[in-house]
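S.K.: got a predicted structure here, sequence first:
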Amino acid sequence: MKSEESGEDTDSVMVARAMMACVAAVGEYCHEYMFKQPSRHGEDKRAKFINSIIKASDRDCVTQLRMNRATFFDLCTQLHEKAVLRDTRRVSHEEHSIMFLRTLGHSVRNRVIGHRFIRSGETVSRHFHSVLDAIVSLYPIFIKQAGPATPSEIQTNTNWAAYFQEGSASDARVLHNALSRSDDPLLVPYRKYYIVDAGYAHSPGFMAPYQGVRYHLQEYRTGRAPANMKELFNYRYAQLLNAIERCFGVMKGRFPILKTAMQYEFHTQIQIVIACCRMLDKMSSDPSTPTHSPA
């Protein structure tokens, strides 16, 4: 009987010790990761770096964030007021935006941003996605599908007005998805056209160049003028396509992340492209924004 009681006491002691060890481990985790006080040295270093970007000069701000200070603060205001991007207990919405813009504008990984801002990789990732979601949520407000009116850049240009109306497309699968998706499908305005390259068939709403006729712009730079109506059409087509491709070149220059194989899920990659389009539109009025990749 005493042996059984002794065994039960031993079991009780072991359970109690295990419970105490668990409580101690949870307490240590909470102290280390949930309730820890940030390092004052780290806070000062982070604040100094942030101020060197957004409070020193437009030149520094453009170098780091690809936009000047006025454009940056206007973007922060819009995200804060219209997209409900809020400060957290330790990270302001301005810092959220700076980490996000440096990621896109310099194509750096989370661990690089985390080291520079003295933040964990989880914190950087969480705030990157919070800013990304906020910018994408503004997409319907600032980016509209083409309407029935012909853009003045085309309507007033005698080289293009007689032939073309709108935009471009680049890949058959992307085009099919854009036309067939149930959520906000691509709409082609009546009697308007998107130009498409020679890999596409000429079809209603999508205008391709004539086949078997000089097509690339460099083919017309040898000094020989278009010899007939089809060559003239293809020449005007190539000029317009070149202008469109330069627009994509500008966006890739400002956001080098678009040039790399992004280490994000496919849905996030789509959001990043939308966000870059939104910010490129935002920065179009900023003459100090460079069109090349940062050094």
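M.R.: In hand now; what should we look at? Residues are numbered from 1 along each chain as shown.
S.K.: how much space between the closest residue to Y139 other than its chain neighbours and R102?
M.R.: Nearest residue to Y139, sequence neighbours excluded (Cβ to Cβ, 6 or more residues apart in numbering): I274, at 5.5 Å. From N, CA and C alone the C-beta is placed, and that goes for glycine too. The gap separating I274 from R102 is 19 Å, by Cβ to Cβ, to the nearest Å.
S.K.: which one's more surrounded, these two?
M.R.: Set side by side, I274 and R102 show more neighbours around R102, with 20 against 16, by other Cβ atoms under 10 Å.
S.K.: domain ranges for the protein, per the record?
M.R.: 53-142+263-295, 152-254 (automatic domain parsing).
S.K.: chain center to the longest one: distance?
M.R.: This means domain 53-142+263-295. When C-alpha coordinates are averaged (Cα atoms, centre = their mean, to the nearest Å), domain 53-142+263-295 and its chain have centres 8 Å apart.
S.K.: wouldn't L179 be in contact with R173 here?
M.R.: No - counting by Cβ atoms under 8 Å, R173 is not a contact partner of L179; they are 11.1 Å apart.
S.K.: with respect to burial, which of the domains of the chain scores highest?
M.R.: domain 53-142+263-295 (a mean of 17; mean count of other Cβ atoms under 10 Å).
S.K.: so which residues of the stretch 151-295 of the chain form strands?
M.R.: 166-168, 194-195, 206-207 (DSSP state E, counting those that start in this stretch).
S.K.: what of the stretch 1-150 of the chain?
M.R.: Counting by DSSP E, counting those that start in this stretch, the stretch 1-150 of the chain contains no strands.
S.K.: mean confidence score for stretch 283-295?
M.R.: With pLDDT averaged residue by residue, stretch 283-295 scores 55.
S.K.: same question, stretch 99-108
M.R.: pLDDT averaged over stretch 99-108 gives 91.
S.K.: show residues contacting it.
M.R.: Stretch 99-108 has contacts (Cβ atoms under 8 Å, 6 or more residues apart in numbering) with 64-67, 72, 110, 113, 116-117, 119, 124, 127-128, 131-132, 254-257, 259-260, 272, 275-276, 279, 294.
S.K.: and the closest residue to R254 other than its chain neighbours, how far from K282?
M.R.: Ranked by Cβ to Cβ, 6+ apart and with sequence neighbours excluded, the top spatial neighbour of R254 is R66, at 5.2 Å. Per Cβ to Cβ, R66 is found 11 Å from K282.
S.K.: which non-adjacent residue is nearest V84?
M.R.: Residue nearest to V84 in three dimensions, not counting chain neighbours: A134, with 7.2 Å by Cβ to Cβ, 6+ apart.
S.K.: so what touches stretch 45-56?
M.R.: Stretch 45-56 has contacts (Cβ under 8 Å, 6+ apart) with 60-61, 64-65, 69, 72-73, 94-95, 98, 116-118.
S.K.: how about a cut-off of 6 Å?
M.R.: C61, Q64, R69, F117, I118 (Cβ atoms under 6 Å, 6 or more residues apart in numbering).
S.K.: between all of the residues you listed, which two are separated the most?
M.R.: Spatial extent of those (Cβ to Cβ) is set by the pair R69 and I118 at 22.9 Å.
S.K.: quick one: residues contacting Y200.
M.R.: A208.
S.K.: next, it: phi, psi?
M.R.: phi -110, psi 160 (degrees, to the nearest 10).
S.K.: for the stretch 151-295 of the chain, which spans come out with low pLDDT?
M.R.: Applying pLDDT under 70 to the stretch 151-295 of the chain picks out residues 151, 153-155, 157-172, 174, 223, 285-295.
S.K.: let's go with 50 and repeat that
M.R.: Applying pLDDT under 50 to the stretch 151-295 of the chain picks out residues 165-170, 291, 293-295.
S.K.: and the stretch 1-150 of the chain, by the same measure?
M.R.: 2, 33, 35-37.
S.K.: ok, which stretches of it are helices?
M.R.: Per DSSP state H, counting those that start in this stretch, the stretch 1-150 of the chain carries helices over the ranges 2-29, 40-54, 58-65, 69-82, 93-106, 110-117, 121-137, 139-142.
S.K.: tell me which of those helices lies nearest to A208.
M.R.: Set against A208 and scored by Cβ to Cβ, these come closest in helix 139-142, at 28.8 Å.
S.K.: pull that closest one out as CSV, backbone CA atoms only.
M.R.: The C-alpha trace of helix 139-142 is given here as CSV (Å, rounded to 0.1, in the frame of the first residue of the first chain):
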residue,chain,number,x,y,z
TYR,A,139,-6.5,50.1,-57.8
PRO,A,140,-10.2,50.5,-58.8
ILE,A,141,-10.0,54.2,-57.8
PHE,A,142,-6.9,55.2,-59.7
